[in-house]
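Participant: Show me the folded form of this:
(4 chains)
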2 protein chains.
Amino acid sequence: MSKKAKVDPRIKRTNKYLRNALVELLKDKDVTSITIQEITEKAELTRGTFYLHYQDKQDFLMQSMNEVLEELIEQVKPKQNDENSAAVEEKDESVSFLKLFEFIYEHASYFKVMLSDRGLPQFRSHMTEIVKKRVYGELISSIGEAEDGLDIPKDILISYITSAHIGVICSWLESDMKFSPAFMADKLTSLTLLGPIRVAGLENKIKLPY
Amino acid sequence: MSKKAKVDPRIKRTNKYLRNALVELLKDKDVTSITIQEITEKAELTRGTFYLHYQDKQDFLMQSMNEVLEELIEQVKPKQNDENSAAVEEKDESVSFLKLFEFIYEHASYFKVMLSDRGLPQFRSHMTEIVKKRVYGELISSIGEAEDGLDIPKDILISYITSAHIGVICSWLESDMKFSPAFMADKLTSLTLLGPIRVAGLENKIKLPY
DNA sequence: GACTTAATATACATAATGTTCATTAGTTTA
DNA sequence: TAAACTAATGAACATTATGTATATTAAGTC
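Facilitator: I've put the predicted structure just below:
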């Protein structure tokens, strides 16, 4: 089951051009007001060529999104010893915050526009799902075990954690990655473990507005 | 400076019909694929009437959004003793989590679609700004004072808190508000104060994947 | 070099947009 | 209540983007 399906280089080229054109256009205007015309023009291709590969704009956007996010999943996935499938149960299946920040760092301009409100709305929710499953999957399972004693609904807790995670990523991207991936991963760990108030050192100084 | 500007009842009616039509359509399809044609049809108005009030679809969407969110700001704002402007400095300017949950509860169907990925992307970012300024404004100021000792960048911290907050709201809406606003406000307070791990009672059981 | 397939150029039907204007109907106010 | 105002309608029209079809050219494969 080889992965390489020998795809025509012209197709690769066309897809790349279309994808790049999209990202360029997203820097100026939001995805809603970008037309297929504009995309193909910027990509220096015919509009007909677009329809040779995609049904419509939505189809194109979703496919591009899925390609990038599947790559992200690959990167973030813990390496498996494929040769010795018995060793898979090994231990430490944990997926790191760090890997995620590193991948995003490498594709920053794409993530920045797609997570902004100019980008595809589905991108944010898709990424949130990925963070949920791939980054916090293990943590979530262990919540399941202790569930009875939990005085907070599990899905609220999970939404809290994952949304906060995505929010931190957005803020980092908007600052044009002022800090290193390692720094970010470290801070996010503190926030998750201690909570935002204690991290800020405000536990005695503040009363919350509830 | 009276607030009531005596707006023609026909205009009010038209706006209401258009707004309702939008929300209805958003239950079935995403905002991108909804046309002005469809909106006016569902509202049982002429397309010409639409252009009498709005420049284009985006204009309409933004205005509707702003109206609802300005109402939210009003609700969430601490009551001022307008008659005695000296008493404004009083104390406890705090804006409650509770008020926010209560307002959203009242307008649940609107918030649910608008915060989903079928809605206006700008809605989420606008709401995030409101939560930042109106709900955590005071908290953020006090961070400012203690800023020197802070070992985490302020904007990351703020993004963490506000994104988590919005995330919890979305999860609540998606569950069709299984819990009361008061319950939600209470849980969110715990999460902010203690952090998600301690709230889940996992502080000893888990190692984070960093 | 022959075969295959992607990209082009072009044309066309369809649908939504945004504008205009004369007419009808509902509100305000003198 | 009649006159004056203005919102909504209906209809027409130019423009733009969409999606499809087809014959031709160019690039990649075997």
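
Participant: pretty sure A:Ile169 contacts A:Phe101?
Facilitator: Yes: using CB atoms under 8 Å, A:Ile169 makes contact with A:Phe101 at a distance of 7.5 Å. Where C-beta positions appear, they are placed from N, C-alpha and C, glycine not excepted.

Participant: Can you say which helix or strand has the most centrally placed residue in chain A in it?
Facilitator: With distances taken as CA atoms, centre = their mean, the residue of chain A nearest its centroid is A:Met127 (3.9 Å). If you go by DSSP states H and E, A:Met127 is part of helix A:121-130.

Participant: do A:Leu202 as well
Facilitator: A:Leu202 belongs to no helix or strand, assigned by DSSP H and E.

Participant: Pop out the phi and psi values for it.
Facilitator: Phi and psi for A:Leu202, reported as degrees, to the nearest 10, are phi -110, psi 10.

Participant: what's the burial count for A:Phe60?
Facilitator: 20 (other CB atoms under 10 Å in any protein chain shown).

Participant: distance of it from A:Glu67?
Facilitator: From A:Phe60 across to A:Glu67, the span is 11 Å (CB to CB, to the nearest Å).

Participant: ditto for A:Asp117
Facilitator: A:Asp117 is 22 Å from A:Glu67, by CB to CB.

Participant: Would you mind naming what in chain A lies close to DNA strand D?
Facilitator: A:6, A:8-10, A:35-37, A:47-48, A:51, A:55-57 (CB under 7 Å from any atom of the strand).

Participant: which ones among those are found in helices?
Facilitator: Using DSSP state H, the subset of these located in helices is A:Pro9, A:Arg10, A:Ile36, A:Gln37, A:Arg47, A:Gly48, A:Tyr51, A:Lys57.

Participant: Local confidence estimate at the third one?
Facilitator: As summarised for this prediction, A:Ile36 has a pLDDT of 98.

Participant: how many other residues sit next to it?
Facilitator: Neighbour tally, A:Ile36, other CB under 10 Å: 15.

Participant: residue contacts, it?
Facilitator: Residues near A:Ile36 by CB atoms under 8 Å, 6 or more residues apart in numbering or on different chains: A:Arg47, A:Phe50, A:Asp56, A:Lys57, A:Phe60.

Participant: and what of the second one?
Facilitator: For A:Arg10, no contacting residues are found, by CB under 8 Å, 6+ apart.

Participant: hmm, 10 Å instead?
Facilitator: A:Thr49 (CB atoms under 10 Å, 6 or more residues apart in numbering or on different chains).

Participant: gap between it and A:Leu45?
Facilitator: A:Arg10 is 11 Å from A:Leu45, by CB to CB.

Participant: before we move on, the earlier item: check which residues of the helix holding A:Met127 are buried.
Facilitator: A:Pro121, A:Gln122, A:Phe123, A:Arg124, A:His126, A:Met127, A:Thr128, A:Ile130 (16 or more other CB atoms under 10 Å in any protein chain shown).

Participant: A:Thr46 and A:Ile36: what is the separation?
Facilitator: Here A:Thr46 is placed at a distance of 11 Å from A:Ile36 (CB to CB).

Participant: same check, this time on A:Ser163
Facilitator: 33 Å.

Participant: what's the answer for A:Phe50, then?
Facilitator: A:Phe50 is 6 Å from A:Ile36, by CB to CB.

Participant: Quick check: neighbours shared by these two?
Facilitator: A:Leu18, A:Asp56, A:Lys57, A:Phe60.

Participant: As CSV, these with pLDDT and distance to chain B would be great.
Facilitator: Shown next, in CSV, are those (pLDDT from 0 to 100; distance: CB to the nearest CB, whole Å):
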residue, pLDDT, distance to chain B
A:Leu18, 98, 19
A:Asp56, 97, 10
A:Lys57, 97, 9
A:Phe60, 98, 13
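
Participant: With just CA atoms, put the helix holding A:Met127 into CSV.
Facilitator: This file holds the C-alpha atoms of helix A:121-130, laid out as CSV (Å, rounded to 0.1, in the frame of the first residue of the first chain):
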residue,chain,number,x,y,z
PRO,A,121,-14.7,29.3,9.4
GLN,A,122,-14.5,25.6,9.2
PHE,A,123,-10.7,25.8,9.6
ARG,A,124,-10.9,26.9,13.2
SER,A,125,-13.4,24.2,14.1
HIS,A,126,-11.5,21.5,12.3
MET,A,127,-8.3,22.5,14.1
THR,A,128,-10.1,22.6,17.4
GLU,A,129,-11.2,19.0,16.8
ILE,A,130,-7.6,18.0,16.0
